[in-house]
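Chemist: Sequence unavailable; structure follows:
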């Protein structure tokens, strides 16, 4: 997952609680320290984007829980350097609709649409379909400013994430 998407794995099938009613396919932390929600669909599913948006809402309300998970999996340094200004969603499906692509361009969140394909012999491929760079949410921006004021750190630079084909990460096996 890190080689193909630039995301360090934290957890899979993570429960999102009674309000969001589901399990987040994968949680991660990207190369900029931004939290990432990844939603996978085995085929073409028009619900992949709305489900990811719902889980991003959970993420916005669960900072302490996410930070505890990062601390447990990646250590205290990674947990202290989480950049909440631009959380990210990655939607991976065999097919993505025109409406998904239009929605990504209209939504203010940071979203990547990725199509997967399994070739003969089990060789996987990921194709970056569309992205929205998003912008910081008001609540996330306020928390980041508070943290920066307390710590005295400058904001982390934003670097585009790599996407492409290669070996299949564990999170895509069985799709």
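Modeler: Done, it's in. Since the structure is predicted, the reported quantities are computational estimates derived from the model, not experimental observations.
Chemist: Tally up the residues packed near residue 33, please.
Modeler: 18 (other CB atoms under 10 Å). (C-beta placed from N, C-alpha, C; glycine too.)
Chemist: That one touches residue 81, doesn't it?
Modeler: Yes. With contacts counted by CB atoms under 8 Å, residue 33 reaches residue 81, the gap being 5.0 Å.
Chemist: Can you tell me the element the most centrally placed residue in the chain falls in?
Modeler: Among the residues of the chain, the one closest to the centroid is residue 36, at 2.6 Å (CA atoms, centre = their mean). Using DSSP states H and E, residue 36 maps to strand 35-40.
Chemist: Tell me which strands that strand pairs with, and in which orientation.
Modeler: Next to strand 35-40 in the sheet, as set by DSSP bridges, lie strand 23-30 (antiparallel), strand 88-93 (parallel).
Chemist: right, so of those, which gets closest to residue 63?
Modeler: strand 23-30 (12.8 Å; CB to CB).
Chemist: What residues of the closest one count as buried?
Modeler: Applying a neighbour-count criterion of 16 or more other CB atoms under 10 Å, one finds 24, 25, 26, 27, 28, 29, 30 buried in strand 23-30.
Chemist: Stretch 73-86 too?
Modeler: Within stretch 73-86, judged by 16+ other CB under 10 Å, the buried ones are 73, 74, 78, 79, 81, 82, 83, 84, 85, 86.
Chemist: now stretch 119-127
Modeler: Buried positions in stretch 119-127, judged by neighbour count with 16+ other CB under 10 Å: 124, 126.
Chemist: Could I get the average pLDDT for it?
Modeler: For stretch 119-127, the mean per-residue pLDDT is 88.
Chemist: before we move on, what about stretch 55-73?
Modeler: pLDDT averaged over stretch 55-73 gives 94.
Chemist: before we move on, the earlier item: where helices are concerned, which of the buried residues of stretch 73-86 count?
Modeler: Counted as lying in helices by DSSP state H, out of the buried residues of stretch 73-86, are 73, 74, 78, 79.
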